[in-house]
Structures are given as structure tokens and as C-alpha cells.
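*Asks:* Got a predicted structure here, sequence first:
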Amino acid sequence: MHYIRFTQHDVDDVIKFLEKDPHALQLVETNLFLNKDEALTFVKGLFSEAIASGVSYLAKTDAHEVVAVRLSTFRTREEAAEEAQ
């Protein structure tokens, strides 16, 4: 197993993982009251910012299959305040 930074090149593999793994979207579905398709659409909407942040990672098997995803980003207080307005 190895860990790599999430890039645009990995988007299709991540989508396949999210569609295939029955637990990958479960928390999003439960906490946001979404069905699986809605949860997938929601998470896909986070990809651009997650990739741009440079702090989102994938876990891949030696056969290059995605087995875990961590989407993350950084925002300053100023950025968050601007978005809130």
C-alpha cells in the first residue's frame, strides 16, 4: 500500500472507489440526509478545492487500486469570513 497526493489524474479512480465501496459515502449520506447518488454528487463537488489544496491524499494498493480517500483543504479565517458574507 502507498499514499499519494490527490490530483486531477486520479479523479476517475476515486469516483470508481466511491461508487464501489459500500461504506465510502455512508457518513455523508447519513449526516446530510442524502441518497447515494446525491452524496456522490456532493463529494464530487469538493474535488476541485481538495485537489487545489495540495493536502488531499489517496491510499492505493500495489495494484494501484484506490482503497481510501482523504479530501482536505485549508482556509484562513479571512477567507472563511469573506465566504460567509
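*Replies:* Thanks, I have it.

*Asks:* and residue 27, how many residues sit next to it?
*Replies:* Under the neighbour criterion other Cβ atoms under 10 Å, residue 27 is assigned a count of 10. Placement of C-beta: from N, CA and C, glycine included.

*Asks:* Figure out how far the helix or strand containing it is from the centre of its chain.
*Replies:* Using DSSP states H and E, residue 27 maps to helix 26-32. Centroid separation for helix 26-32 versus its chain: 14 Å, with Cα atoms, centre = their mean, to the nearest Å.

*Asks:* do the same with stretch 26-46
*Replies:* 11 Å.

*Asks:* pLDDT score for the residue most central in space within the chain?
*Replies:* Geometric centre of the chain, nearest residue: residue 71, 4.1 Å, by Cα atoms, centre = their mean. Residue 71 carries a pLDDT value of 95.

*Asks:* That one touches residue 56, doesn't it?
*Replies:* Yes. At 4.9 Å, residue 71 counts as touching residue 56 under the criterion of Cβ atoms under 8 Å.

*Asks:* who touches both of these two?
*Replies:* 6, 50 (Cβ atoms under 8 Å, 6 or more residues apart in numbering).
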